[in-house]
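Colleague: Would you be able to build a 3D model of this:
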Amino acid sequence: MSFATRFAPSPTGFLHLGHAFSALTASDAAREAGGRFLLRIEDIDQGRARPEFEAAIFEDLAWLGLAWEEPVRRQSEHMGAYQAALQSLIDRNLVYRCFRTRREVADAIASAPHGEAGDVFVGEALPPEDEAARLQAGESYAWRLSQKKARAALGPAYFALVFQDENGPVRAQPEKHGDVVLARKDFPTSYHLASVWDDALAGITHVIRGEDLRESAHLHVLLQKLLELPTPAYRHHRLILDETGKRLAKRDEAATLRRLRENGKTPEDVRGMLGLPLTEARTGRQG
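Modeller: Residues are numbered from 1 along each chain as shown. Alright, predicted model coming up:
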């Protein structure tokens, strides 16, 4: 199986140094392995996604010297695929409708015994007559993955889920996420569902992303098992911090690639700022 990885930004702001580090790390890994580097636009948050930010993503990555396979996948164009994946979980009774508000969920977590699930939400489906009444009333709801039902469906395999990261094999602990939201009444997917589906569809063998997403792998391995998808290897890199030691955010305008470029920085400067080596082409070395 050939090496394949991706960079999957959301077009909700301008890319900053942290994004550059992630994109360059993934692209460098693909080049060193003689593999594939893909770009995916994770624009399922239509309330925040903007065309101008998507255009800036392409511009900034090209400025950094990156090249990726075409066509670029935009998640907003594939909602039907995520709906089908969700429906397969609905048909197997692995998800349930949760009508609780965010406040009610927070109250339920606060009042629950702190057992093996920790400070996460664990619920269950309403009795059919109650659910029917709330649906009839037009109430909002979220589709939540039932850890209890998933555990029952997989049996011993639930406790044998394993993924590879940069430190070796890791036993997945999906229960630490509780009953996560996979979709909502009027929206067929979440980041978790769309991400694992798209990675499998693209043949991604290595997911290279920031340390802040390490815990997501525990849940994603479970979803991959339930949806009969392959599990890639995971590599989690360090985060790029600001001068106060906080993780960079899209509101940190001074660290955006656009601002750095306007201030005369070059792609080589960015690599130096991030502690990344220059490519052979940029150092003038011949292969």
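
Colleague: And Ser86, what's its pLDDT?
Modeller: If you look again at residue 86, you'll see it is Leu, not Ser. Note for Leu86: predicted pLDDT of 98.

Colleague: swap in Gly115?
Modeller: In the prediction, the pLDDT value recorded for Gly115 is 49.

Colleague: Arg36: neighbour count?
Modeller: 17 (other C-beta atoms under 10 Å). All C-beta spots, glycine's among them, are computed from the backbone N, C-alpha and C.

Colleague: bridging residues for it?
Modeller: Ala4 (DSSP bridges).

Colleague: shouldn't it be in contact with Ala4?
Modeller: Yes: counting by C-beta atoms under 8 Å, Ala4 is a contact partner of Arg36 at 4.2 Å.

Colleague: Between those two, which contacts overlap?
Modeller: With contacts defined as C-beta atoms under 8 Å, 6 or more residues apart in numbering, the residues adjacent to both Arg36 and Ala4 are Ala30, Gly203.

Colleague: show me where the chain has helices.
Modeller: Along the chain, counting by DSSP state H, helices occupy 17-33, 51-63, 79-91, 102-111, 128-136, 147-154, 191-201, 216-226, 257-262, 267-274, 280-283.

Colleague: which helices and strands sit right next to the longest one?
Modeller: Applying 3 or more C-beta pairs under 8 Å, 6 or more residues apart in numbering; DSSP states H and E, we find helix 17-33 packed against strand 4-7, strand 36-41, helix 51-63, strand 206-210, strand 233-237, helix 257-262, helix 267-274.

Colleague: Please give me every residue in contact with Val270.
Modeller: Under the criterion of C-beta under 8 Å, 6+ apart, the contact partners of Val270 comprise Leu17, Ala20, Leu64, Leu257, Leu260.

Colleague: just to revisit the earlier point, in TSV, list the helices and strands packed on helix 17-33 along with distance to Ala106 and mean pLDDT.
Modeller: Shown next, in TSV, are the helices and strands packed on helix 17-33 (distance: least, C-beta to C-beta, whole Å; pLDDT from 0 to 100):
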stretch	distance to Ala106	mean pLDDT
strand 4-7	33	98
strand 36-41	32	98
helix 51-63	31	98
strand 206-210	26	97
strand 233-237	28	97
helix 257-262	37	95
helix 267-274	37	96
